[in-house]
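Q: Here is a sequence together with a model predicted from it:
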Amino acid sequence: MELPPACSAARRAAALAAAYTCYRRGGPGRGLGLRDVRRARGQDIEGVGRKYHLELVLEDVLDRERTVNCTAEVLYHLGNSRIAPDVQFTLEGELKNTDEADNVFYSRIKSLKKELVAEYIPDSHGNVPPEMEPIHLLAWVASGYVIWQNSTENTKFQLAQIKHVKQVKRSDEYLEFDYLVLLHEMVSQEIIPWQMTVLWHPQHGVQVTRDSRQPQHPLE
């Protein structure tokens, strides 16, 4: 069944597809966000769940003029929110090459005398210091994994802020960061604290090795 691209069910599925694609293809030099939904179709699969067929435009969150077309399918499993939705995507066109930026960032972090620690990114005015942009993008990409694992047909998550991030010392070639982030669930308007342990290496991409929802604090 054809759906209006602006309808909220299509937008929620599209936001999930964008988050998943970002997790698979993003890194400290590239984050992807949803620019537009061009076409959407819903399909009920008896005994399985509901599938959305989507045609999207994704944008580079650092360079919003740079866009890429994406076709995606999102399958929400029937009545079981414990199973992550199935997401498949195909990108049309090339994403920008971030090898150089990735290697510069990797070398910079590896050469620090003390482990990196930072908080409140972006700040209350929405600003991200330039040297923290890769740390912010890494959280954006890793939160795509958390969003994928915890989405249902009735949710729409987005990273709101890094509350705290600390680099963890390792003896191998990976970089490891322990994040406490705030996720904005746009349907309920809830702000949810979430812990994520994130590994990254220029050749191997982003991995989320641990994540857990944290208790709410009254001020949030």
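A: Received it, and whenever you're ready, just let me know what you need. Numbers count the residues shown, from 1 in each chain.
Q: any chance you could map the helices in the protein?
A: For the chain, the helices defined by DSSP state H cover 8-25, 99-110, 133-150.
Q: what angle sits between the biggest strand by length in the chain and helix 133-150?
A: In the chain, taking DSSP state E as the definition, the longest strand is strand 32-45. Counting by axes from the mean of the first three to the mean of the last three Cα atoms, to 10 degrees, strand 32-45 lies at 10 degrees to helix 133-150.
Q: Now do the buried residues in stretch 78-87.
A: Buried positions in stretch 78-87, judged by neighbour count with 16 or more other Cβ atoms under 10 Å: A84, P85, V87. Backbone N, C-alpha and C define where each C-beta goes, glycine included.
Q: Quote the end-to-end distance of it.
A: 15 Å (Cα to Cα, to the nearest Å).
Q: which residue packs closest to the most centrally placed residue in the chain, ignoring adjacent ones?
A: With distances taken as Cα atoms, centre = their mean, the residue of the chain nearest its centroid is G144 (2.4 Å). Leaving aside its chain neighbours, G144 sits nearest to Y23 (3.2 Å; criterion: Cβ to Cβ, 6 or more residues apart in numbering).
Q: Tabulate the helices of the chain (TSV), appending distance to Q207 and mean pLDDT.
A: Output for the helices of the chain, formatted as TSV (distance: least, Cβ to Cβ, whole Å; pLDDT from 0 to 100):
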stretch	distance to Q207	mean pLDDT
helix 8-25	10	97
helix 99-110	15	96
helix 133-150	8	98
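Q: ok so, going back, list the contacts of the residue nearest to G144.
A: V141, A142, G144, Y145, W148, V206 (Cβ atoms under 8 Å, 6 or more residues apart in numbering).
Q: Pretty sure the third one sits against A17.
A: No: using Cβ atoms under 8 Å, G144 and A17 do not qualify as a contacting pair, with a distance of 10.2 Å.
Q: who touches both of the two?
A: With Cβ under 8 Å, 6+ apart, G144 and A17 have no common neighbours.
Q: gap between P4 and R35?
A: Note on P4: its distance to R35, by Cβ to Cβ, to the nearest Å, is 17 Å.
Q: ok, back up a step: how about the longest strand of the chain: buried residues?
A: By 16+ other Cβ under 10 Å, the buried positions in strand 32-45 come out as L32, G33, L34, R35, V37, A40, G42.
Q: That one - which strands sit beside it in the sheet, and in what orientation?
A: Take DSSP bridges as the rule and strand 32-45 pairs in its sheet with strand 2-3 (antiparallel), strand 49-60 (antiparallel).
Q: Reformat the ones you listed as TSV; add mean neighbour count, mean pLDDT and distance to N97.
A: Compiled in TSV, the strands paired with strand 32-45 are given as follows (neighbours: other Cβ atoms under 10 Å; pLDDT from 0 to 100; distance: least, Cβ to Cβ, whole Å):
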stretch	mean neighbour count	mean pLDDT	distance to N97
strand 2-3	14	96	35
strand 49-60	20	97	12
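Q: Mind putting the ones you listed into TSV with distance to R170?
A: Converted to TSV, the strands paired with strand 32-45 look like this (distance: least, Cβ to Cβ, whole Å):
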stretch	distance to R170
strand 2-3	46
strand 49-60	29
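Q: Y145 reaches V208, doesn't it?
A: Yes: proximity of Y145 to V208 meets the contact threshold set by Cβ under 8 Å, at 4.4 Å.
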